[in-house]
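Q: Give me a model of this one.
(chains A and B)
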Amino acid sequence: DTAVSQTPKYLVTQMGNDKSIKCEQNLGHDTMYWYKQDSKKFLKIMFSYNNKELIINETVPNRFSPKSPDKAHLNLHINSLELGDSAVYFCASSSSGNIQYFGAGTRLSVL
Amino acid sequence: GENVEQHPSTLSVQEGDSAVIKCTYSDSASNYFPWYKQELGKRPQLIIDIRSNVGEKKDQRIAVTLNKTAKHFSLHITETQPEDSAVYFCAALERTGGYNKLIFGAGTRLAVHP
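A: Below you'll find the model as predicted:
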């Protein structure tokens, strides 16, 4: 069983479109995260939720809207996609914010 | 807030040699320092971590050392093998607004040549 799973694995879309990425964890963790990894491999946290509550919101354009329907799921919706949004997006989860387990990533390409 | 710097950005070694990657952090309140390995096209995976109450931790060919006074920590890989080739990230745990957040270094691309 995959501990942290995210879908889709690849996403190719046109500028201006709206898209969503889904994440689920079956580890019983209370905290989930979204990271963006750019072409230089830098890992930057975007959001974090603890028990469905937004606790970290790094300076991210408001075109990005996370949503956590329950503590096992954290989705990311992106409006009006731009070229600069092209990256790999990783979901992660942890218990009490320490060891983080990452999903396999979603490679987003905006054309 | 916490700032983590990682060096070198790339490292090339011959199989069997040792590799050392160094990180410094700025927030003396940070108390947890994990290392992640990311193979090409894969997810980052935790390989070893250390807490501020110990100075060194070993797991087979991998070791991490921590110097709290100098605020730096290092990853040591001995007897490197081609499968060690990957990008390695250090991180420091920052406590912010009552919650924890990992701040990652920029990564080190390690190439082990047979």
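Q: who's the spatially closest residue to residue B:7 that is not a sequence neighbour bridged to?
A: In this structure, residue B:7 finds its nearest non-sequential neighbour in residue B:22, 5.3 Å apart by Cβ to Cβ, 6 or more residues apart in numbering or on different chains. Just so you know, the C-beta spots here come from the backbone N, C-alpha and C atoms, and that holds for glycine as well. Residue B:22 forms beta bridges with residue B:7, residue B:74, as assigned by DSSP bridges.
Q: Looks like residue B:22 contacts residue B:71 (just checking).
A: No: Residue B:22 lies out of contact with residue B:71 (Cβ atoms under 8 Å); the separation is 11.5 Å.
Q: Go ahead and list the helix or strand containing the residue positioned nearest the centre of chain A.
A: Closest to where the C-alpha atoms of chain A average out (Cα atoms, centre = their mean) is residue A:34, at 3.3 Å. Following DSSP states H and E, one finds residue A:34 within strand A:31-37.
Q: same thing with residue B:88?
A: If you go by DSSP H and E, residue B:88 is part of strand B:86-96.
Q: buried ones in that strand?
A: Under the neighbour-count criterion of 16 or more other Cβ atoms under 10 Å in any protein chain shown, strand B:86-96 has B:86-94 buried.
Q: what would those look like in CSV with distance to residue A:27?
A: Output for the buried residues of strand B:86-96, formatted as CSV (distance: Cβ to Cβ, whole Å):
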residue, distance to residue A:27
B:86, 23
B:87, 24
B:88, 24
B:89, 21
B:90, 23
B:91, 19
B:92, 23
B:93, 19
B:94, 22
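Q: In terms of distance to residue A:72, which of the residues you listed ranks first?
A: Nearest to residue A:72 among the buried residues of strand B:86-96: residue B:93, at 23.0 Å, using Cβ to Cβ.
Q: Residues of chain B that sit close to chain A?
A: Applying Cβ under 8 Å from any Cβ of the partner chain, we find that chain B lies next to chain A at B:32, B:34, B:38, B:42-46, B:49, B:87, B:89, B:93, B:96-97, B:99-102, B:104, B:106-107, B:109.
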